[in-house]
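> Sequence unavailable; structure follows:
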Ligand SMILES: C[S@@+](CC[C@H](N)C(=O)[O-])C[C@H]1O[C@@H](n2cnc3c(N)ncnc32)[C@H](O)[C@@H]1O
């Protein structure tokens, strides 16, 4: 997936340092894109277009007219704080990762849940279908200046893959990964409180099917967890054994234990 396109434009912030230019050029070569100096970018981008920017701190963002998408650990910090204090978090409790588990996060997005899971697991493979999200998050995980020790360690346990999970899961052998987690875009998004708003522009909106779930169960050793809102129709289309979540948030984690 990574080298599929010639369309990606890589540039820098205004008045870049030499190392920013070198990194933008390197990324353009690596991902079959084009390096364009910042002052000329406008000529190459239309109203709907976007471009990757190597920022002054060497992080990577995606920018478009009126908006940008950049990596940050999002809700993971507050979630870990709450979990440490209360011993309670539906994501961690439903996934129940142990220190020797390999977890497949099929919908990596910002990677904030992957970061939390990685704190408890041996390794997380994060899959993201949208190339801009994949690249910004991949670079972010590598270069972000985390202040928390647990985040530094957890970020090093995550490997990120740019693929559609519907293809990717079908490549795995039976029982080859401990836990599979899938958090597709909600059918009924909560735009007001969502930390995900910046990635909506790029997101893959595939519908999760029972056939996909069967594949996830086939490749998992321990369990499969699906996240969706309680009002989403997904719960009428797929079978899960147990649902966990709070009525207040309306977020449900459906769990299928592997027999
Ligand atoms: C709701 S977000 C996941 C948020 C994530 N759990 C986090 O902590 O940031 C869903 C993400 O999965 C991606 N996605 C949706 N369907 C996909 C598919 N079929 N294959 C790969 N990625 C997919 C979307 O592009 C989006 O970035």
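On my side now, so go ahead. Here the structure is a predicted model, which means the values were calculated and not measured.
> Up against the ligand, what does the stretch 51-200 of the chain have?
Contact residues (CB under 6 Å from any ligand atom) of the stretch 51-200 of the chain with the ligand: 107, 109-113, 127-130, 133, 164-166, 183-185, 196, 199. The C-beta positions use only the backbone N, C-alpha and C, and glycine is treated the same way.
> quick one: which of the residues you listed sit in strands?
Among these, the members found in strands (DSSP state E) are 127-128.
> Show the buried residues in the residues of the stretch 51-200 of the chain next to the ligand.
Buried subset of these (neighbour count, 16 or more other CB atoms under 10 Å): 107, 109-113, 127-130, 133, 165-166, 183-185, 196, 199.
> From the residues you listed, which land in helices?
Secondary structure assignment by DSSP state H places 112-113, 133, 165-166 of those in helices.
> Columns distance to residue 179 and pLDDT on top of the residues you listed, output as CSV?
Listed next are those as CSV, based on distance: CB to CB, whole Å; pLDDT from 0 to 100:
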residue, distance to residue 179, pLDDT
112, 18, 94
113, 13, 96
133, 22, 97
165, 14, 98
166, 19, 98
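> can I assume residue 169 is in contact with residue 211?
No: counting by CB atoms under 8 Å, residue 169 does not reach residue 211; the two are 10.3 Å apart.
> of the two, who's got more company?
residue 169 (23 against 11; other CB atoms under 10 Å).
> Please name the residues that touch that one.
Residues near residue 169 by CB atoms under 8 Å, 6 or more residues apart in numbering: 104, 106, 180, 212, 215-216, 219.
> Nearest residue to it in space, please, no chain neighbours.
Of all residues not flanking residue 169 in the chain, residue 215 sits nearest, at 4.7 Å (CB to CB, 6 or more residues apart in numbering).
> How about the one helix or strand in the chain whose mean pLDDT sits lowest, which residues are buried there?
Within the chain, no helix or strand scores below helix 41-44, which has a mean of 91 by mean pLDDT, DSSP states H and E. For helix 41-44, burial by neighbour count (16+ other CB under 10 Å) applies to residue 41.
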